[in-house]
Structure formats: structure tokens, C-alpha cells
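Colleague: attaching a predicted model along with its sequence, questions to come.
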Amino acid sequence: MKHIKTLLFAAAAIAAVCCACNSAPEGSDPRVEKLLRKMTLEEKVGQTVLFTSDWSVTGPSMRQGYIDDIRAGRCGNIFNAYTAGYTRKLQEIAVNETRLGIPLLFGYDVIHGFRTIFPINLGMACTWDPEAIERSAQTAAREAAAAGLHWTYSPMCDITVEPRWGRISEGSGEDPYLGSAIAAAMTRGYQGTDLAADNTLLACVKHYAAYGAPQAGRDYNTVDMSERWLREFYLPPYKAAVDAGALSVMASFNELDGIPATANAHLMQDILRDEWGFRGFVVTDYTGINEMVCHGYAADEKDAGRLAMNAGIDMDMQSASFFNYMVDLVRSGAVKESTLDEAVRRILNVKAALGLFDDPYKYCSPERETSETLTEANKAEARAVAAQSMVLLKNDGVLPLRKGARTAVIGALAASKDDLLGSWRGAGEVQSVPASIADAIREVTPAVYAEGCKETGEDRSGFGAALAAARGAEQIVLVIGEDCQWTGEAASRTSINIPGVQSELLEKLAATGKPLAVVLLNGRPLDLTAESAAAGALLEAWYPGTMGGYAVADVLFGDVNPSGKLCVTFPRNLGQVPIYHYAKNTGRPYVHPEAKYESRYLDSPNEPLYAFGHGLSYTTFSYSDISLSGSSFSAGGTVEASVTVTNTGDKEGTETVQMYIRDLVGSVTRPVKQLKGFKRVTLAPGESAEVSFCIDPETISFWRADMTWGPEAGDFKLFIGGSSDVVKEASFSYED
Ligand code: BGC
């Protein structure tokens, strides 16, 4: 029975892939089969090799050795090389100087924009707006594809509940439902409806799998979790991207259940290919193959290559293990030639789907590179979505600020253009950033700037000048947070406090009694307990990208009404970590204020400082009670849940209405609240709208005790509201 289910599942997944990406060949491309018949063993291995270009200050340049490898047909894929001119030069070597003329595939980390940089992904996720996210991926693809690129190492689909982990900034936060919607949207945005078009990019689903759950939040650290937790909370966004048509997947650096993902056949074969029907190729993450020696999983780099290829890796990024040893491994029978052939077939079919066999230079376009890059339209889009990504955490009425009022702008980050871009800023350059936050504020209102202090260090020598500026002003904007290089890869922290003496400066500025708004630039949930007590308003601006300075000013002065909602929980302190909204009830939930033997802390409330889904507006919204179309439903049926949302303030605003459910009794225990739907609605002052959600068996399905996916009969709670902690409640039941 289980076997049949798995087969059906796989068939459905293949159908989904075919529909979503009509440019992917049904079977293998005949040109690929013809090539495979002609290729020597060395040439086959060459197609599984991916090397980086060298990077110099003036642009990309290849090591001479790698150019020889391309020429010899021993390196079929390059990353970190771009511009129409440079990629054409390399492509000409592959096409004209190799025996078979197979075009190169050019990859790059286009993570939140290419030249026009959008907010970091964690910020983008706080828009709760998959359409806007899809458009931003499309824009990034247009810019990158014109610069000769074919392939982006995105979307990053790693769910995480770890604020210590620097790479939380690259993902969509803690929730699999929201994360899946975003992963699918990004894939559609990059790949479009025609992968062969010259303005689309091949997406790469990463880092497969569960890279976001490193123990203690330390990058690259061990990951271990139950198969059920993995499937329910970590795998859905990767699968959503595969279902949306992504034709490449990157294996993660971490181990899972004792087996590095780079040699994990359960992940790559059983789940990805057999269950999900994935038909593209799997690439390692950087030197992932060689790292299996350090993991203690492979005796040496040759054996690591054997393990990786036999487990389902098709392409070796940068380890040179396939490059050095695969010919021998095949000759000795340690890897079957048919396994290598299959890897080459997958890679070449993707090259065919990209149109590279029709025109290897179609992506290298100096004209489009100029006309598509950093256009006014791209910048306007980046500015609007940056404003939309910001989350108003607190506001006692300080915001919006008064235009025309003398304003003190304080903090090293207020004057930094570089930090606005965040980490993984692709080919985004600081020279393209038109304004820092301080510059942008100066365009709106008379302003003086004082640094006050740096983001790190103990230097308080600037405090005096900052306080003087504050005393002479009518309102204060303090910009604090983390240096942007404190987030991203290899940027884990053991503290989630605001670094240095920035918070001390905040206390002193607050003591002036002047209206004080704090803008935060950071890439992870921080402990803001002290800052939220001291500041009149807290605006989480993340790293908002090329147009971020203007976008911050747009929100501060009310030209844009903030609408961002947290895609990740903000704890009160590090001791609460991990803290997330889909926690279980436990056998001893904390309900009696004075109880000792209940699941609680002695020195901290259980509740976070800012819950998942939280985010204020300059207007207010009220929610009616929930009305249900019925009190129960059964297989094949649905229940519709509706609320009326009213803008009760005096400004137009956008609210993200969120639906959560709880299955009261299950064959395995269920979360107290789990996000199962959301809708954005824009309302004029006084205007109301009915917002409805359809609840069907899929909404309440989960990995049951027998590890099948489906619903169980019983009673459910339903919650609808503007944040996971402010909701209306109703009940319904499901019958088999
Ligand atoms: C990162 C990947 C990235 C790759 C290529 C690795 O270190 O983990 O996310 O795509 O480098 O730059």
C-alpha cells in the first residue's frame, strides 16, 4: 500500500514539473544522446566539473590552468564569471576549441538581486507578498542573464529557527508554509515559463537539506532531527521549488542523521528523485565532496568522489574530486559508467533546456547588459519592495516623523551605503547606491548627522557630539544594528544583542526626552528587550538594498505606510532559542502564573518579544469574529472561514491576514498553532473587506504516525488575525 502511494506521489510530482517548465524536455534531448555516444570518459567527467573563476578587484579573470581545462574539455561549468564580454570569451573557447564544442554553463550567486539589489531575503519574506518576490526574481534574472549568466544559486529554501546562524538572513524565516510560497515564487521568477528565453535563469534549490538547523547555530555544524520533523517543517520549501520546475538542486554542507548531505542517497535518490520526481541535476555546495574526509565519512578525496557520485551527486563544485579521480573510479568499477552517463545526461539536458545548444551566446548581450541593468524601473521596484519589507515593531506615536522638523540622524549605519546592500549582494556595487539613510532623510527635512559610535567596539568619544545634535533637534533617528558582514555565510554569533555601545548611546539619546525613532539594520532576529523599552518607535529595516536609504525615509516620513510582518519570531533573550510559533503544547503547558512544575522559565516569560506575524501600521485594523460555512467537513469537502477586516484608522494601509490551525488530537502530537493561509488586503480609512480562506483536507494533513501524509478525523481550532499572537478563534471538525 505504501509503495503504491509513493509511486502515485512521484507521478504527480513529475506532472507538476512538466507543467511548470514547458522548456524542459520530456525525455532526453536527442542531441544529448548523440553527444553521449561520442564522448570519451574524460569528456564525460569534464561535464560534471564546476570551477570558480578567480576574482580580482577589476572583475573576473580565470586562472590560466582552468582555461586550459576548458580547452581540454575537462571543465564544463564555471561560476563567478560574468559580464557579456567575459562570458563570451570563455564560451568561445568551449565552443570553438574543444573537440565536441559543448557550451559552458555559467553560474553565480544571484541571491537578492544582481546589479539592482533588493532587500535581503529575510526582509523580502516579511512582505508576505509572493507576487512581489516573484517580480524581484524576474528582474534579477533579466539583469543577470544579460551579463552572460545562465544559473543562479537561489532560492535558498532553508527553514531555520536559529538567530545565531548568520545565514538566517538568506532565507525566508521559520515557517514552511510561507517559505514554500516564497520558494515557488522565486523559482517561477527566475525560470519564467521558458527556460530557453534569454532573460531567464536556471534556479538552484539550496541547501538540500536542513542546513538551517545546525546545532548551536554554528555554521556548517551537525544536523540531526527526526524524519517526521524533517518532512513536516524543513523539506516543504525545497519541494515547493522543485514542484515549481527548478531543474537544479544544491546539496548542503551538513550531515543529517550521520550522513553528509553530499553522499546522502536517502535525500537525493529516495526523496528528491523517486518521491518528488526531480529530473534536473544535483550540484555539491562548494568543496562539499572533499569535506566528507573531515566529516569522517570518506577515507580520502577519491573515496569521497565515489561516495558522492554513487549517492546521486551529478556535479562537483570546486572540490576537483571528480576532476582528479572520476576517470579512475569508473575504470576500476568503483563507479559504474552508467551512473556517470546519467549525471552527464542530466547536466546536458539542462544545457539543452537553456537553449545553449541552439545558441551558446544567447545570454551574452552587451546591449541588454546596458539597457536592462540598474534601470529606473528596476530601482523603483527595489525601492517600493524595500519599503514593503520593513516591519514596524513598535510605535508610540513618534512615527511617522514630521517633514520640515529639524532632525538629528545618528549612528554609523545611517551614513553607510555599503551596509544597505547586505551580504551576498551579487554584483551589486556600493557606487550604485544613490543615498545612505542620512542622505535620504536630508532630502526630506533639515537634518544634522552625527556618528555617535561605530557598530562595534567600545569607543564612546562620539557620544558628546551625537547628544549635542540630538538636543538641538526636534526629532531623532538613530540607526543601529549589525555590520552587514556579521550576517550571511560563516557569520554565526553567540550573542543576539546589538553589538558594541550602540544600545548605550540609545539610552542616552532617549534620556533627552526628544521623540526618538530607532531604525534597525540587521540580518537576524535580535534581542531587542532593552531597545524596545528605550525607543519610541522601532523600525526593522533589515538590509534594504540599493534603494534602501530612500525606502527607509519613505517609511519614516509616512510616504509609505509600513505593512511588513515578521517571518521569524524575535525572542526576548537568547535563552528562549529556539522559539517559533508552531511549538507543541507539551504535557505540562504553562497556564498557572505561579506554577512551578509547568513548562516555563524562572527568569523569563515564555512568550517572545515580537511574535511571528507581528508588524504594525500607521493605521489600525479591526477583525470581526470568524464565520464558518459549516462546522464540519469530510473527505472531498471544504469549510470556508471568513472575517471582515476594517481599517479603523485614518490612513490607507495594507494588512496581512493570517490563518492558523490546531489539530487537537492526533496520532502524533500537533503544534498549538500552524500557519495555513495568508492574504494581503489594502484598505482605505473606514473601508472593510471580507477575507476568506478555504480549509480542505490538505490544509489539515500531516505526517501521521505511520509516516503517511494525510488528515485525521477530529476537532480543530482555527485562528485568524494580524499576527500569530493576536487572533480570533473558531472550531470545526473533520470526519473521515
Ligand atoms: C555557499 C553557497 C553558494 C556557494 C557558491 C557556498 O559557500 O554555501 O550558498 O551558492 O558557496 O558561491
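Modeller: Nice, thanks for sending it over. Numbering: from 1, shown residues only.

Colleague: any stretches of the stretch 501-650 of the chain with poor pLDDT?
Modeller: Across the stretch 501-650 of the chain, nothing is flagged by pLDDT under 70.

Colleague: contacting residues for residue 696?
Modeller: Neighbouring residues of residue 696 by C-beta atoms under 8 Å, 6 or more residues apart in numbering: 633, 637, 638. Bear in mind the C-beta positions are built from the backbone N, C-alpha and C, glycine included.

Colleague: out of those, which is most surrounded?
Modeller: residue 633 (21 neighbours; other C-beta atoms under 10 Å).

Colleague: which SS state does it fall under?
Modeller: Three-state assignment for residue 633 (DSSP: H, G, I helix; E, B strand; the rest coil): strand.

Colleague: where's the residue nearest to it when sequence neighbours are not counted relative to residue 603, distance?
Modeller: Distances taken as C-beta to C-beta, 6 or more residues apart in numbering place residue 639 nearest to residue 633, at 4.8 Å, with adjacent residues excluded. To residue 603, residue 639 is 42 Å away according to C-beta to C-beta, to the nearest Å.

Colleague: which one's more surrounded, these two?
Modeller: Between residue 639 and residue 603, counting by other C-beta under 10 Å, residue 639 is the more crowded of the two (21 against 7).

Colleague: OK, contacts around that one?
Modeller: With C-beta under 8 Å, 6+ apart, residue 639 has these contacts: 628, 629, 630, 631, 632, 633, 694, 695, 732.

Colleague: now list the buried members of those residues.
Modeller: With burial judged by 16 or more other C-beta atoms under 10 Å, the buried subset of those is 628, 633, 695, 732.

Colleague: out of these, list just those in helices.
Modeller: Among these, no member falls in helices (criterion: DSSP state H).

Colleague: coming back round to it: which among the contacts of residue 696 gets closest to the ligand?
Modeller: Minimum distance to the ligand across those is 39.7 Å, recorded for residue 638 (C-beta to the nearest ligand atom).

Colleague: now the spatially closest residue to the closest one that is not a sequence neighbour: how far from residue 639?
Modeller: Spatially, and ignoring its direct neighbours in sequence, residue 638 is nearest to residue 696 (4.7 Å; C-beta to C-beta, 6+ apart). Going from residue 696 to residue 639 by C-beta to C-beta gives 8 Å.

Colleague: and for residue 497, nearest residue in space, chain neighbours not counted?
Modeller: residue 527 (5.4 Å).

Colleague: the buried ones among the contacts of residue 639 into a markdown table, with extra columns for distance to the ligand?
Modeller: A markdown table is the format used below for the buried ones among the contacts of residue 639 (distance: C-beta to the nearest ligand atom, whole Å):
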| residue | distance to the ligand |
| --- | --- |
| 628 | 44 |
| 633 | 42 |
| 695 | 37 |
| 732 | 42 |
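
Colleague: distance to residue 565 added to those, as TSV?
Modeller: Formatted as TSV, those follow (distance: C-beta to C-beta, whole Å):
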residue	distance to residue 565
628	24
633	29
695	21
732	25
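
Colleague: so what touches stretch 681-695?
Modeller: In contact with stretch 681-695 (C-beta under 8 Å, 6+ apart) are residues 619, 621, 633, 638-655, 657, 659, 661, 676-677, 679, 718, 720, 732.

Colleague: buried ones among these?
Modeller: 619, 621, 633, 638-639, 641, 643, 645-647, 649, 653-655, 657, 659, 661, 676-677, 718, 720, 732.

Colleague: and these, which of them are in strands?
Modeller: 621, 633, 639, 641, 643, 645-647, 653-655, 657, 659, 661, 676-677, 718, 720, 732 (DSSP state E).

Colleague: and the gap between residue 237 and the ligand?
Modeller: Residue 237 sits 15 Å away from the ligand, going by C-beta to the nearest ligand atom, to the nearest Å.

Colleague: CA atoms of the helix or strand hosting that residue as PDB?
Modeller: Per DSSP states H and E: residue 237 is located in helix 236-243. In PDB, the C-alpha atoms belonging to helix 236-243 read as follows (Å, rounded to 0.1, in the frame of the first residue of the first chain):
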ATOM      1  CA  PRO A 236       8.400  21.600   2.100                       C
ATOM      2  CA  PRO A 237      10.100  24.700   0.700                       C
ATOM      3  CA  TYR A 238      12.700  22.600  -1.200                       C
ATOM      4  CA  LYS A 239       9.800  20.500  -2.600                       C
ATOM      5  CA  ALA A 240       7.800  23.600  -3.500                       C
ATOM      6  CA  ALA A 241      10.700  24.900  -5.600                       C
ATOM      7  CA  VAL A 242      11.100  21.500  -7.300                       C
ATOM      8  CA  ASP A 243       7.300  21.400  -8.000                       C
END
